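>>> model the following, please.
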Amino acid sequence: MGDYQRLNVHRERGCCPPMDLMRSEEMQLARIIIPVESGHHTLSYLGDLGLVQFKDVLSLILWALFDLQVDGLSKNQVVPSSLSNALTALLLSLMQIKVLSSEHMQTSFITLISLILSKCIFLTTLQIKRCGEMSRKLRFMKDQMAKAGIVYSEMPTQIHIDFDELEIKLGEIESELIEVNSNNEKLQRAYNELVEYMLVLKKAGEFFHSAQSSATAQQRENESHQSADGSLDSPLLLEQEMLTEPSKQLKLGFVSGLVPKEKAMSFERILFRATRGNMYLSQAAVDEPVIDPISGEKVAKNVFVVFYSGERAKAKMLKICEAFGANRYPFTEDIGKQMQTIAEVSGKISELKTTIDLGLLHRYTILKNISYHFEQWNNMVRREKSIYHTLNMLSLDVTKKCLVAEGWCPVFATNQIQDALEKATCDSNSQVGSIFQVLHTKESPPTYFQTNKFTSAFQEIVDAYGKDEFLILLYLNGFDERNVVAKYQEANPGVYTVVTFPFLFAVMFGDWGHGLCLLLATLLLILREKKLSSQKLGDIMEMMFGGRYVILMMALFSIYTGLIYNEFFSVPFEMFGRSAYECRDPTCSDATTVGLIKVREAYSFGVDPQWHGSRSELPFLNSLKMKMSILLGVAQMNLGIFLSYFNATFFNNSLNMWYQFIPQLIFLNSLFGYLSVLIIVKWCTGSQADLYHVMIYMFLSPTDDLGENQLFPGQKIVQLVLLLLALISVPWMLFPKPLLLKKQHDERHQGQSYSMIHTTEESLEIEQDHDSHGHEEFEFSEVFVHQLIHTIEFVLGAVSNTASYLRLWALSLAHSELSSVFYEKVLLLAWGFNNIIILIVGIIVFICATIGVLLVMETLSAFLHALRLHWVEFQNKFYEGDGYKFSPFSFALIPEED
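I've put the predicted structure just below:
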């Protein structure tokens with residue numbers, strides 16, 4: 001949807017003719033001969049213009065070589081002269097610039113030419129790789145800015161920089177950023193380690209201090225007991241321990257560090273089992289989560305100190321600590337050394353904090369400077385990359401020192417393209433100007449519609465026709481999805497879709513209260529479209545924003561049809577005067593059409609409000625909406641048939657005019673056009689005739705008298721004539737066209753046994769046109785079967801398509817009934833309880849049901865049904881849709897991400 005808008009930027013300058021959506025722009029195939037020295041400037045200016053779709057000339061040559069190889073080309077066979085001369089010149093020129101050597105001449109012709117093409121592509125592939133590397137650096141800088149929370153902001157005056165200088169600058173900035181990030185990571189890791197070390201020093205110090213205080217108190221208590229109770233009952237082992245030499249006393253070792261809190265229990269359990277209980281573990285929880293030096297994430301941890309005995313137990317503990325991700329830190333029992341270590345660590349933390357802050361400030365300054373120029377640099381790299389991609393599509397003729405490009409462009413853009421070529425020649429200081437030649441070809445041009453932000457969404461609805469059903473066919477034929485847009489210059493349904501699509505939607509969605517809700521939501525999108533267009537939206541929001549003007553039209557038409565139906569959330573209003581009916585008595589005990597009398601003129605606009613709530617409401621609205629659906633369907637199908645006439649006239653196809661348009665028009669209107677007339681006559685006369693009976697017996701018993709079902713004099717004769725015309729139109733569609741096509745084919749190829757002798761330079765071009773258009777054999781059986789299928793499809797489709805328009809009646813009835821149910825069974829029911837809480841709950845349920853069911857689900861349902869009516873019932877009458885979209889080389893269409 002955005003492609004159409006970006007493609008039409010040049011029209012806003014007022015340099016082009018006004019937009020015409022009825023038929024696509026007139027296109028022309030052009031050949032541009034560009035001097036090598038001005039090739040880059042030329043493509044740059046043409047990319048800014050965005051009005052040339054280049055053809056891949058090198059790929060065409062490669063496919064031609066493939067066809068020659070498939071046909072069994074050998075060294076002794078003759079190569080077409082024009083192809084041979086072009087490739088020979090290309091070969092000699094590549095040898096001159098040392099891309100090929102004489103050794104390559106020993107290979108076969110096909111292998112040699114394939115090598116030539118690969119070398120030509122290699123020349124620009126190096127530049128593409130160079131641009132790709134610069135794109136990678138820019139993406140790296142973009143990620144760094146996103147992590148730092150820096151938003152792009154352009155400077156008022158942009159500094160011009162050369163592409164080579166930009167490459168050097170990006171390399172320097174990337175190296176500097178990598179170095180800064182690396183240093184910052186190292187400093188941050190060291191800082192986090194010191195923070196953890198400080199926690200270990202404090203928590204473990206507290207533990208040792210409390211343990212030492214407890215041991216001193218216990219020793220004093222024991223000494224006091226020993227001096228007081230110096231008798232025979234005192235323990236002899238204590239005296240023996242006191243006399244033991246210090247060297248023979250048992251020495252315990254310990255390990256300290258931090259372990260994740262979630263692993264603390266498992267850590268303690270494994271230590272106990274590994275040492276068989278010969279250990280002592282003390283843990284203390286850290287108040288705040290700390291940043292782990294290894295992972296860089298905040299983790300809740302516990303400080304631990306585990307005591308052990310023996311080197312073997314120590315080895316086990318170290319392995320367990322490593323397995324549990326526990327960071328170990330050294331600790332001394334000496335209080336003096338502890339205080340000294342705490343002071344040193346605290347000083348280092350302060351120094352590292354200052355250094356890290358300075359590094360982050362320096363990094364922020366670099367990224368902020370990048371943000372001022374990022375868009376400029378990114379656009380510059382993307383432009384260069386797209387230019388070299390396009391250069392890969394051009395043919396190189398080094399002997400003449402020029403590039404040969406072929407491509408499609410609109411006729412109105414001829415002067416603009418020539419101006420761009422002259423500007424490129426002047427700016428590149430080339431002594432030879434570029435040559436713009438218009439080529440005559442039988443190849444089908446691309447389809448290009450000039451749209452704006454209002455019509456682009458409607459055009460997208462038309463262009464989406466048939467994409468799903470043609471996907472397999474396109475895949476098998478080697479095409480892409482471009483081949484399902486309108487054929488070149490055929491009548492564009494998008495012109496009529498602007499009105500008919502929202503109107504048919506509104507017929508099914510008619511409620512001016514719901515229409516106002518849609519209108520308010522759409523106006524919010526439209527009023528904020530500048531802000532929203534620059535933001536990245538979700539898939540659903542992006543789709544709604546792109547179709548905001550479609551929803552706007554749907555809302556306006558829904559308000560209009562809602563006023564006709566006289567429904568505001570299913571509630572009728574006397575907005576256009578008083579009702580034409582009143583009750584027979586003041587009590588209004590029988591509020592039906594039988595109990596009402598007409599006291600004044602008919603209600604001025606829409607459905608009379610007295611019909612709502614009466615027992616005759618449903619039969620009356622059913623009859624009204626069903627007949628209205630048939631009238632609208634027949635009118636739109638006739639419009640499609642008349643558009644097929646405009647196509648036949650425009651393309652000078654008299655066969656389609658006489659043997660498709662006329663019999664189709666006669667058949668459709670002999671049956672359903674006549675039914676539409678009967679509906680209007682019945683409305684105008686107030687007749688009680690049964691139209692079902694009239695249409696059924698028009699076929700079963702056309703000669704019987706109509707009796708009370710006769711609507712006008714001579715109706716029987718008219719029906720016989722219409723039935724006869726409908727029967728005649730079927731063979732009229734089936735037989736003449738295949739026979740006349742066979743006759744035209746025989747006359748066209750009758751005098752082709754002899755032909756003019758052409759020069760060798762023109763032979764290849766004529767052979768290609770002849771092969772693509774002149775050697776197709778005419779299979780009468782295939783043409784006849786195709787016409788038979790087309791005839792059967794139209795005859796049966798005339799019935800099924802008319803019946804398909806009854807969905808307008810069905811969806812409108814469903815929407816009205818759902819709205820009525822929500823109003824009566826939710827809102828009014830809650831109101832009747834005379835309880836404020838129940839009333840609030842009822843209002844909330846009513847609002848949720850209205851938004852969820854009527855404004856979301858019903859909107860989507862009506863949208864899809866309106867879409868089907870346009871794609872199947874309307875467009876199949878005239879729309880071929882076998883063209884391909886105009887995809888010009890334009891910098892505005894370069895995707896955001898490669």
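>>> pull the number of nearby residues for residue 724.
12 (other CB atoms under 10 Å). Any C-beta I mention is one placed from the backbone N, CA and C, and that applies to glycine too.
>>> host element of it?
Assigned by DSSP states H and E, residue 724 belongs to helix 715-734.
>>> any idea how far that helix is from the chain center?
49 Å (CA atoms, centre = their mean, to the nearest Å).
>>> what is the mean pLDDT for it?
Averaged across helix 715-734, the pLDDT comes to 95.
>>> now it: buried residues?
Burial within helix 715-734, assessed by neighbour count using 16 or more other CB atoms under 10 Å, is assigned to 715, 719, 722-723, 725-726, 729, 732-734.
>>> and stretch 285-305, by the same measure?
By 16+ other CB under 10 Å, the buried positions in stretch 285-305 come out as 286, 290-293, 299, 301-305.
>>> hmm, who's touching the helix or strand just after the helix holding residue 724?
Next in sequence after helix 715-734, counting helices and strands by DSSP H and E, comes helix 736-748. Helix 736-748 is contacted from outside by 655, 658-660, 778, 780, 783-784, 787, using CB atoms under 8 Å, 6 or more residues apart in numbering.
>>> report how many residues lie close to the nearest residue to residue 603 once chain neighbours are set aside.
Nearest residue to residue 603 in three dimensions, chain neighbours excluded: residue 580, at 5.5 Å (CB to CB, 6 or more residues apart in numbering). Residue 580 has 17 neighbouring residues, counting by other CB under 10 Å.
>>> can you check residue 277 too?
The number of residues packed around residue 277, counting by other CB under 10 Å, is 9.
>>> which one's the longest helix in the chain?
Ranked by residue count under DSSP state H, the longest helix found in the chain is helix 163-228.
>>> low pLDDT regions in the stretch 201-350 of the chain?
Within the stretch 201-350 of the chain, the stretches with pLDDT under 70 are 211-212, 215, 225-251.
>>> how about the helices in it?
For the stretch 201-350 of the chain, the helices defined by DSSP state H, counting those that start in this stretch cover 236-243, 264-274, 311-323, 335-391.
>>> out of these, nearest to residue 841?
helix 264-274 (48.7 Å; CB to CB).
>>> what comes up buried for the closest one?
Quick answer for helix 264-274 (16+ other CB under 10 Å): 264, 267-268, 270-271, 274.
>>> list the contacts of it.
So helix 264-274 is contacted by 259, 279, 281, 283, 302, 304, 306, 313, 316-317, 320, 324, 326 (CB under 8 Å, 6+ apart).
>>> which residues lie in contact with residue 855 in this structure?
Shown in contact with residue 855 (CB under 8 Å, 6+ apart): 514, 517-518.
>>> pick the one among these closest to residue 465.
residue 518 (24.5 Å).
>>> surely that closest one is within a strand?
No. The assignment for residue 518 is helix, going by DSSP: H, G, I helix; E, B strand; the rest coil, so no strand is present there.
>>> am I right that it is in contact with residue 858?
No. The pair residue 518 / residue 858 is not scored as a contact, 10.8 Å apart, by CB atoms under 8 Å.
>>> mind listing the strands for the stretch 451-600 of the chain?
Ranges of strands within the stretch 451-600 of the chain are 581-583, 596-598, based on DSSP state E, counting those that start in this stretch.
>>> so for the last one, mean pLDDT?
When you say that, I think you mean strand 596-598. On average, strand 596-598 scores 76.
>>> which helices and strands does the following helix or strand past it pack with?
Using DSSP H and E, the helix or strand that follows strand 596-598 towards the C-terminus is helix 617-650. Counting by 3 or more CB pairs under 8 Å, 6 or more residues apart in numbering; DSSP states H and E, the packing neighbours recorded for helix 617-650 are helix 494-509, helix 654-656, helix 662-668, helix 674-685, helix 780-804, helix 807-822.
>>> list the helices and strands the longest one packs on?
Contacting helix 780-804 under the criterion 3+ CB pairs under 8 Å, 6+ apart are the following elements: helix 617-650, helix 662-668, helix 715-734, helix 736-748.
>>> before we move on, back to that, so which of the helices and strands packed on helix 617-650 is the most packed in?
helix 494-509 (a mean of 24; mean count of other CB atoms under 10 Å).
>>> what residues does that helix touch?
Contacts of helix 494-509 (CB under 8 Å, 6+ apart): 21-22, 449, 451, 455, 458-459, 461-462, 515, 550, 553-554, 556-558, 560-562, 628-629, 632, 636, 639, 807-808, 811-812, 815, 858-859, 861-863, 865-867, 869-870, 874.
>>> may I have that helix as PDB, with CA atoms only?
Extracted in PDB, the C-alpha atoms of helix 494-509 (Å, rounded to 0.1, in the frame of the first residue of the first chain):
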ATOM      1  CA  GLY A 494     -10.500   0.700  -8.700                       C
ATOM      2  CA  VAL A 495     -12.300   3.800 -10.000                       C
ATOM      3  CA  TYR A 496     -15.700   2.300  -9.100                       C
ATOM      4  CA  THR A 497     -14.500   0.500  -6.000                       C
ATOM      5  CA  VAL A 498     -13.900   3.800  -4.300                       C
ATOM      6  CA  VAL A 499     -17.700   4.200  -4.200                       C
ATOM      7  CA  THR A 500     -19.200   0.700  -4.600                       C
ATOM      8  CA  PHE A 501     -17.100  -1.100  -2.000                       C
ATOM      9  CA  PRO A 502     -18.000   1.100   1.000                       C
ATOM     10  CA  PHE A 503     -21.600   1.400  -0.200                       C
ATOM     11  CA  LEU A 504     -22.100  -2.400  -0.400                       C
ATOM     12  CA  PHE A 505     -20.400  -2.700   3.000                       C
ATOM     13  CA  ALA A 506     -22.800  -0.100   4.400                       C
ATOM     14  CA  VAL A 507     -25.800  -2.000   3.000                       C
ATOM     15  CA  MET A 508     -24.800  -4.900   5.300                       C
ATOM     16  CA  PHE A 509     -23.700  -2.700   8.200                       C
END
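>>> if we can go back for a sec, out of the contacts of residue 855, who's nearest residue 836?
Relative to residue 836, and with distances defined as CB to CB, the nearest of the contacts of residue 855 is residue 517, at 25.5 Å.
>>> confidence score at the nearest residue to that closest one once chain neighbours are set aside?
Among residues not flanking residue 517 along the chain, residue 855 sits closest, at 5.7 Å (CB to CB, 6+ apart). Looking at residue 855, its pLDDT reads 93.
>>> still on that earlier bit, among the strands of the stretch 451-600 of the chain, show me which one is buried the most.
Comparing the strands of the stretch 451-600 of the chain by mean neighbour count (mean count of other CB under 10 Å), strand 581-583 ranks first with a mean of 17.
>>> adjacent strands (with direction) for it?
Paired strands of strand 581-583, with direction, are strand 596-598 (antiparallel) (DSSP bridges).
>>> identify all contacting residues around the strand it pairs with.
Residues contacting strand 596-598 (CB under 8 Å, 6+ apart): 580-584, 610, 614.
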